[in-house]
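Undergrad: let me see the structure of the following:
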Amino acid sequence: MPTSWPFASTTGAPLIRCVSKSSAASAIDASGRIVMTFAVMISAAFMAVLQGVRFGYPRRTREALTCINRHLHPPRRLFDNAGVRPEQAMDAATTFAPQLARYEALMEVVRRRITSRAFRPDIPVPREHIERVLEAARHAPSGANAQPWHYIVVTDPGVKREIADYFVAEARKRAHLRMKFPTPNYRGLETAPGFIVVAADFRFVRAFPVLLDGSDLDRQYQANAERILLQSVAASTMSAHLAAAALGYQVWWVTAIGQEDAQAALRPLLGVPDALAIIDIMLFGVAAKPPYKRWKKTLPQIVSWDRFDPANLMTLAEIDEWVRETRHKVMYRDEAKVD
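TA: From the prediction side, this is the model:
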């Protein structure tokens, strides 16, 4: 048998010798040789099986059988988009075990993300911790993976004071307009050692499904795109909140800055360009007073299975009553003190 063939058997050598596709193709260049090759393969396989039965499949025989199988059954691309074989994915599914301990550790952080509106300025938040918080924000999901956010870390006490001044003035304005909104003490902003302003680039609505032709249909898609963008920024901000809570800090989420006069007042203080909008402010540090957990709805009140439960739909009159009778209690009281 020519030793250049892809399969050769010699005494004391492997039954089969694997060669490259190019050398195999050059060796098998006629139909007669192809037929002979398959005959040799079958013979070699039979001999290998006999040898395996007799001697327990020595290493060289196993290599020979592997080579035969590779030539008889060329490898196919059996991987999915993630590079995982279907049988591996099936094995993972059948052997999956939920990591309840990790879930409980996460829920401990979630439950301890408690709002505080005054902080101890004498206990600083090191830059390393601020960067850890923002690293969590960086990994948040976003529509089209656009990541339309930018974070401005404020360390200048004077700038903090000016931002607090704006919110104090805004609170007076609301009172003058008789909004009857329970207003916190915004002077607490300037006490926060961790002070991060959240900005968003609404031009990234172009990354989402929009027409950009000014039509009525495009306006509908534009409205949806803005929702996608805001949800994306909120997901990033919430990731930052949980990271701060995981480090042991208390957090304050300040959101009352959507109106144009707020943008006009705050952008110059921070050098934010007109193309970006300031969405909210995240404050964190060690609480000046013991924090308390605020009231939360029960799971049945916020969850329906398969179809929306009409029992969870409040009428407009019921919502107005809730705003009038309950809102001020759940905003600033310990949940144990909410009747």
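Undergrad: test my guess that T191 contacts P121.
TA: Yes. Because the distance of 4.9 Å satisfies Cβ atoms under 8 Å, T191 is recorded as touching P121. Glycine gets a C-beta too; all of them are placed from N, C-alpha and C.
Undergrad: more neighbours, those two?
TA: Each of T191 and P121 has its neighbours counted (other Cβ atoms under 10 Å); T191 has more, 21 against 15.
Undergrad: tell me the secondary structure for the spatially closest residue to M331 that is not a sequence neighbour?
TA: Counting by Cβ to Cβ, 6 or more residues apart in numbering, M331 lies nearest to P182, which is 5.3 Å off, once chain neighbours are set aside. Following DSSP: H, G, I helix; E, B strand; the rest coil, we place P182 in the coil state.
Undergrad: quick check: P182 touching K329?
TA: No. Checked against Cβ under 8 Å, the pair P182 and K329 is beyond contact range at 9.4 Å.
Undergrad: comparing those two, which residue is more hemmed in?
TA: The residue with more neighbours, out of P182 and K329, is K329; 15 against 11, by other Cβ under 10 Å.
Undergrad: would you say that one is within a helix?
TA: Yes. Assessed with three-state DSSP, K329 lies in a helix.
Undergrad: related to what we said a few turns ago, find the residues that touch each one of T191 and P121.
TA: Listed contacts common to T191 and P121 are G285; contacts here mean Cβ atoms under 8 Å, 6 or more residues apart in numbering.
Undergrad: could you measure from P126 over to D334?
TA: 30 Å (Cβ to Cβ, to the nearest Å).
Undergrad: for L229, same thing?
TA: 35 Å.
Undergrad: the more surrounded of these two?
TA: When neighbours are counted by other Cβ under 10 Å, L229 comes out ahead of the other of L229 and D334, with 26 against 12.
Undergrad: need the contact list for the closest residue to D339 other than its chain neighbours.
TA: For D339, ignoring the flanking residues on the chain, the nearest one in space by Cβ to Cβ, 6+ apart is K329 at 7.5 Å. Contact analysis of K329 by Cβ under 8 Å, 6+ apart lists 295, 337-339.
Undergrad: could you measure from K329 over to R161?
TA: 31 Å.
Undergrad: what ranges do the helices span in the protein?
TA: 21-27, 31-55, 59-72, 86-94, 100-111, 127-138, 157-176, 216-246, 260-270, 299-302, 316-325, 327-332 (DSSP state H).
Undergrad: now the residue nearest to D339: how far from V251?
TA: According to Cβ to Cβ, K329 stands 21 Å off from V251.
Undergrad: ditto for R102
TA: To V251, R102 is 22 Å away according to Cβ to Cβ.
Undergrad: counting neighbours, go ahead and name the busier of these two.
TA: A direct count of neighbours by other Cβ under 10 Å for R102 and V251 places V251 higher, at 24 against 9.
Undergrad: quick check: the residue nearest to the more buried one when sequence neighbours are not counted vs P273, distance?
TA: Spatial nearest neighbour of V251, chain neighbours left out: F284 (4.6 Å); criterion: Cβ to Cβ, 6+ apart. Applying Cβ to Cβ, the value for F284 to P273 is 26 Å.
Undergrad: quick revisit: can I get the contacts of K329 in a markdown table with pLDDT, distance to G258 and neighbour count?
TA: As requested, those are exported to a markdown table (pLDDT from 0 to 100; distance: Cβ to Cβ, whole Å; neighbours: other Cβ atoms under 10 Å):
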| residue | pLDDT | distance to G258 | neighbour count |
| --- | --- | --- | --- |
| W295 | 91 | 25 | 14 |
| K337 | 82 | 31 | 10 |
| V338 | 83 | 28 | 11 |
| D339 | 72 | 32 | 5 |
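Undergrad: out of these, which is nearest to R138?
TA: W295 (32.0 Å; Cβ to Cβ).
Undergrad: my read: that closest one touches V338, true?
TA: Yes. The criterion here is Cβ under 8 Å, and W295 meets it with V338 at 4.5 Å.
Undergrad: what sits in contact with each of these two?
TA: Common neighbours of W295 and V338 (Cβ under 8 Å, 6+ apart) are 329-330.
Undergrad: which of the residues in stretch 106-119 are buried?
TA: Within stretch 106-119, the residues that qualify as buried are 109, 113, 115-119, counting by 16 or more other Cβ atoms under 10 Å.
Undergrad: which two from those residues end up farthest apart in space?
TA: Longest span within the buried residues of stretch 106-119, Cβ to Cβ: V109 and A118, 22.0 Å.
Undergrad: how many residues are close by the closest residue to R161 other than its chain neighbours?
TA: Once flanking residues are discounted, R161 sits nearest to E190: 4.9 Å by Cβ to Cβ, 6+ apart. By other Cβ under 10 Å, the residues close to E190 number 20.
Undergrad: how far away is E190 from K289?
TA: E190 is 16 Å from K289, by Cβ to Cβ.
Undergrad: kindly report the same for I281.
TA: With the distance defined as Cβ to Cβ, I281 ends up 20 Å from K289.
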